[in-house]
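A.B. asks: make a model of this:
(one chain, ligands or ions: 1)
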Amino acid sequence: MQSDADSNIDVRGASNALNQLLNRYSVGTKYLVDPAPTVDQILIAASAALRAPDRHNLQPFRFILIPDAQRQKLAALFADCARRNGKSADEIAIEQERALLGPALLAFVTHIEPEEQRVVAREQWIAAGGALANFLTALHMMGFGAKVLSGNKAADPVICKAFCEEGETLVGWIAAGTATKAPHPRESDNPSSILRNWAPN
Ligand SMILES: Cc1cc2nc3c(=O)[nH]c(=O)nc-3n(C[C@H](O)[C@H](O)[C@H](O)COP(=O)(O)O)c2cc1C
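C.D. replies: As a prediction, the model looks like this:
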C-alpha cells in the first residue's frame with residue numbers, strides 16, 4: 001500500500017468504493033464552489049449516515065440544512081457571538097463571512113440520552129460519530145468535497161439555541177460543494193500505529 005503523503009492511495013484489486021473510502025479527505029471552504037450537492041444527494045448522504053452502526057437504532061443525531069435564504073441570519077448570529085466575545089470589528093466581519101462560506105451548509109446536532117438504559121452515552125456518541133463519517137464519505141463518493149467545522153461558537157448558548165431542541169448538542173457545521181482542488185492527504189497514515197495484538201499479563 002502506498003502511504004506517501006504526496007499521493008493518493010490506490011490499493012490494487014480493491015473495489016472502487018474501497019479506494020474512494022481510503023482517499024476521503026476534508027476540503028477547506030476556500031476550495032469549495034458551486035455546484036453544491038442537491039437535496040436528493042444530501043438525502044443519499046443522510047441514508048449513508050443511517051448505515052453507521054447504531055445500537056437499537058436510536059439515531060442520536062440529525063443534520064440541519066441551512067437554506068441559502070437563511071445564510072444572512074446565520075451571519076448575524078456569528079457576528080453577534082463575536083461581538084459578545086469582545087472581538088474587533090475585523091474579527092466580527094470574518095466571523096460573519098464564515099456563515100456564507102461553502103455552497104451547502106448543514107449543522108450536525110446530536111441527541112445523547114444519558115438515561116437510556118440499553119445504550120450507554122459513549123456508545124451513542126460513537127454512533128453519531130460514525131454517522132458523521134459516513135455522511136462525509138458519501139459526499140466524497142458522489143464527487144463532492146466537504147469539511148466539518150466547529151470552533152467556540154458551536155458551544156455558544158445563543159447559537160446552540162438557534163439549532164438545538166432540548167437535550168441536543170450542536171457539534172458543528174458541514175460545508176460541502178465542488179472541490180476546486182483534489183482532496184489530498186496532509187500527512188501519511190500509519191495503520192500499524194492503531195493496530196496491536198492483545199497481550200494480557
Ligand atoms: C466535530 C469536528 C469539528 C471540527 N472542527 C474543526 C474546526 O473548527 N476547524 C478546523 O479547521 N477543523 C475542524 N475539524 C477537523 C476537520 O474537519 C478535518 O477532519 C481535519 O482537518 C482532518 O482532515 P481530514 O478529514 O482530511 O483527515 C473538525 C472535525 C470534527 C470531526
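
A.B. asks: count the neighbours of residue 49 for me.
C.D. replies: A count of neighbours around residue 49, defined by other Cβ atoms under 10 Å, yields 25. C-betas here are computed from N, CA, C, even on glycine.

A.B. asks: which residue is the nearest non-sequential neighbour of it?
C.D. replies: Distance criterion Cβ to Cβ, 6 or more residues apart in numbering; nearest residue to residue 49, sequence neighbours excluded, is residue 131 at 3.9 Å.

A.B. asks: identify the residues contacting stretch 119-131?
C.D. replies: If you take Cβ atoms under 8 Å, 6 or more residues apart in numbering as the criterion, stretch 119-131 is touched by 49-50, 52-56, 58-61, 110, 112-114, 116, 171.

A.B. asks: repeat that for stretch 74-88.
C.D. replies: In contact with stretch 74-88 (Cβ under 8 Å, 6+ apart) are residues 66, 91-93, 95-100, 105, 152-153, 156, 158-159, 162.

A.B. asks: which parts of the longest helix along the chain are buried?
C.D. replies: If you go by DSSP state H, the chain has its longest helix at helix 121-141. Applying a neighbour-count criterion of 16 or more other Cβ atoms under 10 Å, one finds 123-128, 130-141 buried in helix 121-141.

A.B. asks: helix or strand: which one has the spatially most central residue of the chain?
C.D. replies: With distances taken as Cα atoms, centre = their mean, residue 148 lies nearest the centre of the chain, 3.5 Å away. Taking DSSP states H and E as the criterion, residue 148 maps to strand 145-149.

A.B. asks: quick one: that strand near the ligand?
C.D. replies: Yes: residues of strand 145-149 are located near the ligand by Cβ under 6 Å from any ligand atom, namely 147-149.

A.B. asks: hmm, stretch 28-36 in reach of the ligand?
C.D. replies: No: Stretch 28-36 stays clear of the ligand (Cβ under 6 Å from any ligand atom), getting no nearer than 7.5 Å.

A.B. asks: what are the ranges of the helices in the chain?
C.D. replies: Using DSSP H, the helices of the chain run over 16-22, 39-49, 71-84, 89-98, 121-141, 157-163.
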